[in-house]
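Trainee: Structure for the following, please:
(one chain, ligands or ions: 2)
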Amino acid sequence: MKFEFTNPTRVVFGAGTLDRLGRETVRMGTRALVVIGGGSVRQSGTLERALTSLKEAGVDATVFEGVEPNPRLTTVIDGGSQAGERRAEVIIALGGGSVMDAAKVMAAVPYYEGDLWDMMIHRGADQRLPRRALPLITVPTLAATGSEMNAGAVVTNVDTTEKSYVIAPCLYPALALVDPELTMSVPPDHTAYGVADLITHVTESYFNGTGVTPLQDRMAEGVVLTAIEYGPRAVTDGKDLEARAQVQWASIVALNGWVQAGSSAAGFPVHQIEHVLSAHTDLAHGAGLSILSPAWMKLAATRYRDKFDRFARRVFERDDASDGIEALETFFHSMGCPTRLTEVDVGPENFDRYARDAVRVGGDGTRVFGHPPLTVDDVIEVLRLAA
Ligand code: NZQ
Ligand code: ZN
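Mentor: Ligands and ions are numbered 1, 2, ... in the order given. Now for the predicted structure:
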């Protein structure tokens, strides 16, 4: 249990906090680039409220629109160039994980020299991390990734069909303005995918092969139990503010580093395989995870059982590992998440290609990092179990 922990992001949480955006922004600068996705924040009125608040505080705001789900490298380069050209002093991300991730990298672009794809982890030792970025305010409109309070960003390179990520201290948002009311317009499918995503963030660390992280384990179990209690409520009734708030805080705690401190060294194997899947198919991240998480667990539980037995007992009050995994799969399905690759039209013809990409992009060339480390054959087995 050797680890370093820091998380400098200030969090302001609560219904109505969006209206503080102008006051908070002006403390960091008076020229802002507001980054948004495909228009959901226009339809919900969130963008208008944000721009009004910025204007009242005397902030000159430019909107960069069009970050796609699974954000693309070219879009991030465009937005970063705009930030530089307009001499933005602060970047504001108003959207889901895709918008927040794109905005993080955009914030680093004005200071980054060379090929932006070198910033991503895909070339292992050759990765060149960003060292400096403009201050970033995240205003999440979807509860899922926890990007609002972490230093990670995931970007897709369409030219190479690779999806990869960067984690760097300068990418921590300065402020996360978390207003659960903004998530009330998220449709049921994406609400459910967000719940699957946040659960997988803590299970990736939980099944890490060590039995000596009792506090982290209890925290992870608490996150999963909270998601199981409130997730279905948010899916069924999007306007259930209490459920929205609980799910959103759970999603933040799931990946802000608290649960991972001392427990995540093995890696994030399910995420690595999912990133390959969405690089090739543009599948929503959480939908890929609800399919792959139970499948990976089935494989991993054949290599070591104790933690899976404990998970089954503590989270689902079931007696053994396979019952616990089945209960998780049933839970995902009950929220409307896919749990089989056939449901998202992915057949076995590309399993070999996906598995090779997974060990190349998400590993050392021969294995995906994780517990257990996964060979190409192991990844193919996970995909078969998910078929
Ligand atoms: O683009 P708009 O029009 O905004 O619509 C989005 C999008 O279509 C919509 N949406 C967002 N907020 C809404 C809303 N619709 C109605 N009302 C609202 N309030 O939802 C759709 C999905 O949005 P997206 O941002 O793509 O979803 P999510 O938050 O799940 O983010 C997924 C991305 O984050 C990465 C994923 O790989 C993926 O690229 N991840 C980032 C992580 C991180 N930075 O720590 C960790 C995660 O494991 C993950 O890999
Ligand atoms: Zn995730």
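
Trainee: Tell me how many other residues crowd the residue nearest to K239 when sequence neighbours are not counted.
Mentor: Distances taken as Cβ to Cβ, 6 or more residues apart in numbering put M184 closest to K239, at 5.3 Å, once the chain neighbours are dropped. From N, CA and C alone the C-beta is placed, and that goes for glycine too. If you count neighbours by other Cβ atoms under 10 Å, M184 ends up with 19.

Trainee: Same question for the one 4 residues further on.
Mentor: One way to gauge burial is a neighbour count; for P188, by other Cβ under 10 Å, it gives 14.

Trainee: ok so, going back, and the residue nearest to K239, helix, strand or coil?
Mentor: helix (DSSP: H, G, I helix; E, B strand; the rest coil).

Trainee: Then A93?
Mentor: Looking at A93 with three-state DSSP, the answer is strand.

Trainee: hang on, the earlier thing: surely the residue nearest to K239 meets A243?
Mentor: No: the criterion here is Cβ atoms under 8 Å, and M184 misses it with A243 at 9.9 Å.

Trainee: Would you agree R314 is in contact with E221?
Mentor: Yes: assessed by Cβ under 8 Å, R314 is found in contact with E221 at 5.3 Å.

Trainee: what helix or strand does V12 sit in?
Mentor: strand 10-13 (DSSP states H and E).

Trainee: Against which helices or strands is that strand packed?
Mentor: Here strand 10-13 touches strand 175-178, going by 3 or more Cβ pairs under 8 Å, 6 or more residues apart in numbering; DSSP states H and E.

Trainee: if I look at Y111, how far off is ligand 1?
Mentor: From Y111 across to ligand 1, the span is 20 Å (Cβ to the nearest ligand atom, to the nearest Å).

Trainee: list the contacts for that residue?
Mentor: Listed by Cβ atoms under 8 Å, 6 or more residues apart in numbering, the contact set of Y111 reads 130-133.

Trainee: same thing but 10 Å
Mentor: Contact partners of Y111, counting by Cβ atoms under 10 Å, 6 or more residues apart in numbering, are 80, 84, 130-134, 170.

Trainee: in this protein, which spans are strands?
Mentor: Secondary structure of the chain (DSSP state E): strands located at 10-13, 31-35, 60-64, 90-95, 136-140, 152-157, 162-167, 175-178.

Trainee: Export those strands as TSV, with columns for distance to I121.
Mentor: As requested, the strands of the chain are exported to TSV (distance: least, Cβ to Cβ, whole Å):
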stretch	distance to I121
strand 10-13	26
strand 31-35	22
strand 60-64	25
strand 90-95	21
strand 136-140	20
strand 152-157	10
strand 162-167	5
strand 175-178	23
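
Trainee: Quick one, which of the ones you listed gets closest to ligand 1.
Mentor: With distances scored as Cβ to the nearest ligand atom, the stretch of those nearest to ligand 1 is strand 152-157 (3.8 Å).

Trainee: State the mean pLDDT of the closest one.
Mentor: When pLDDT is averaged over strand 152-157, the result is 97.

Trainee: Dead centre of the protein: give me the residue that sits there.
Mentor: T145 (2.8 Å; Cα atoms, centre = their mean).

Trainee: how much space between that one and V202?
Mentor: To V202, T145 is 13 Å away according to Cβ to Cβ, to the nearest Å.

Trainee: Overlap in contacts, the two.
Mentor: 254-255.

Trainee: burial count for I167?
Mentor: 13.

Trainee: OK, contacts around it?
Mentor: 121, 129, 150-154.

Trainee: If we check ligand 1, which of those are in contact?
Mentor: When contact is defined as Cβ under 6 Å from any ligand atom, the contacts of I167 meet ligand 1 at 150, 152-154.

Trainee: May I ask which of those has the most neighbours?
Mentor: Going by other Cβ under 10 Å, A153 tops these with 29 neighbours.

Trainee: List the contacts of that residue.
Mentor: Contacts for A153 (Cβ under 10 Å, 6+ apart) come out as 71, 76, 97-98, 100-108, 119-120, 130, 145, 147, 164-168, 171.

Trainee: if you set the cut-off to 6 Å instead, what comes out?
Mentor: 101, 104-105, 166 (Cβ atoms under 6 Å, 6 or more residues apart in numbering).

Trainee: of all the residues you listed, which comes closest to ligand 1?
Mentor: The closest of those, once distances to ligand 1 are taken by Cβ to the nearest ligand atom, is D101, at 4.8 Å.

Trainee: What about that closest one, how many residues nearby?
Mentor: Neighbours around D101, by other Cβ under 10 Å: 27.

Trainee: Which strand residues bridge the nearest residue to it once chain neighbours are set aside?
Mentor: Counting by Cβ to Cβ, 6+ apart, A153 is the residue found nearest to D101 once chain neighbours are left out, at 4.0 Å. Using DSSP bridges, the beta-bridge partners of A153 come out as V166.

Trainee: Return the distance of A153 relative to V67.
Mentor: Using Cβ to Cβ, A153 is found at 12 Å from V67.

Trainee: hmm, back to that, could you tell me which of the contacts of Y111 count as buried?
Mentor: Among these, the ones that count as buried by 16 or more other Cβ atoms under 10 Å are 80, 130, 133-134, 170.

Trainee: Looking at the residues you listed, which are in helices?
Mentor: The members of these that map onto helices under DSSP state H are G80.

Trainee: quick revisit: would you turn the contacts of Y111 into CSV with pLDDT and distance to W296?
Mentor: Putting those into CSV (pLDDT from 0 to 100; distance: Cβ to Cβ, whole Å) gives the following:
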residue, pLDDT, distance to W296
G80, 98, 34
G84, 96, 41
P130, 97, 31
R131, 97, 34
R132, 98, 36
A133, 98, 33
L134, 98, 37
C170, 98, 32
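
Trainee: okay, these in JSON lines with distance to ligand 1 next?
Mentor: What follows is those, written out as JSON lines (distance: Cβ to the nearest ligand atom, whole Å):
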{"residue": "G80", "distance to ligand 1": "17"}
{"residue": "G84", "distance to ligand 1": "22"}
{"residue": "P130", "distance to ligand 1": "14"}
{"residue": "R131", "distance to ligand 1": "19"}
{"residue": "R132", "distance to ligand 1": "19"}
{"residue": "A133", "distance to ligand 1": "14"}
{"residue": "L134", "distance to ligand 1": "17"}
{"residue": "C170", "distance to ligand 1": "14"}
